[in-house]
Structures are given as structure tokens and as C-alpha cells.
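Visitor: here is a sequence together with a model predicted from it:
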Amino acid sequence: MNRILVLITLSESGIETIKSNPELPKKEMEFVNQWREDNILESFFISVSKKDAVLIFQNVEESRTKELIEILPYFPYMEKIDYHNLNKQF
């Protein structure tokens, strides 16, 4: 089954903005939790520094994945986003 791996890095100024607004993380996690319930987000990782995140999507096309990432509250604070199409082997 195909997967889409999304690697996200937040900007330094973005991290500061997020830290100063406690509502932003709550809103962000609402999306993540909904995607998990909808069975389109298989895995979600956050680096210890909280600057980077890894999301693994399933049952969704890359174009739709990009649309989903762009609606996230953190999107304006993302410095880098990489998309990788993968074939799950096991």
C-alpha cells in the first residue's frame, strides 16, 4: 500500500509565535486527530526540539495531502515541507 511521508520544519520565528499562542497547538492537534479518525493519517512524530514533524498519510493522493497540510494552523510558520511517495514493504 502506498504512503506519503511529509517532513515539516518550522521556522525559528514560527516556533516563537506558536509558543506564545497556546490555542495554536490545540487547533493543530484537532486536525491531526481528525485525520487519524478518518484513517488517512497513519503516523505522526514530533522531534524533541518540536521544530520538526513527520506525518505518514495513507489512502490519500499527494495532491490532497498537500491541500491538507496547507489548511493547518501551523502552515504559515512552516519553513520547509518535503513530500515523499513511498511503497510500504512490511
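Guide: Here it is on my side, so go on. Residues are numbered from 1 along each chain as shown.

Visitor: for residue 9, identify the helix or strand it belongs to.
Guide: If you go by DSSP states H and E, residue 9 is part of strand 2-10.

Visitor: got it, and residue 24?
Guide: helix 23-37.

Visitor: before we move on, what about residue 44?
Guide: Assignment of secondary structure by DSSP H and E places residue 44 within strand 41-46.

Visitor: against residue 46, how distant is the residue positioned nearest the centre of the chain?
Guide: By CA atoms, centre = their mean, the chain has its centre lying nearest to residue 55, at 5.1 Å. In this view, residue 55 and residue 46 are 10 Å apart by CB to CB, to the nearest Å. Glycine gets a C-beta too; all of them are placed from N, C-alpha and C.

Visitor: still on that earlier bit, after the strand holding residue 44 comes which helix or strand?
Guide: With elements assigned by DSSP H and E, the helix or strand that comes after strand 41-46 is strand 52-58.

Visitor: got the CA positions of the worst-scoring helix or strand of the chain on mean pLDDT in PDB?
Guide: Taking mean pLDDT, DSSP states H and E as the measure, the chain has helix 12-20 as its least confident helix or strand, at a mean of 94. C-alpha atoms of helix 12-20 as PDB (Å, rounded to 0.1, in the frame of the first residue of the first chain):
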ATOM      1  CA  GLU A  12      12.500  29.900  14.300                       C
ATOM      2  CA  SER A  13      10.100  32.800  14.300                       C
ATOM      3  CA  GLY A  14       7.200  30.400  13.800                       C
ATOM      4  CA  ILE A  15       8.200  28.400  16.900                       C
ATOM      5  CA  GLU A  16       8.200  31.500  19.000                       C
ATOM      6  CA  THR A  17       4.800  32.500  17.700                       C
ATOM      7  CA  ILE A  18       3.400  29.100  18.400                       C
ATOM      8  CA  LYS A  19       4.900  29.100  21.900                       C
ATOM      9  CA  SER A  20       3.300  32.400  22.600                       C
END
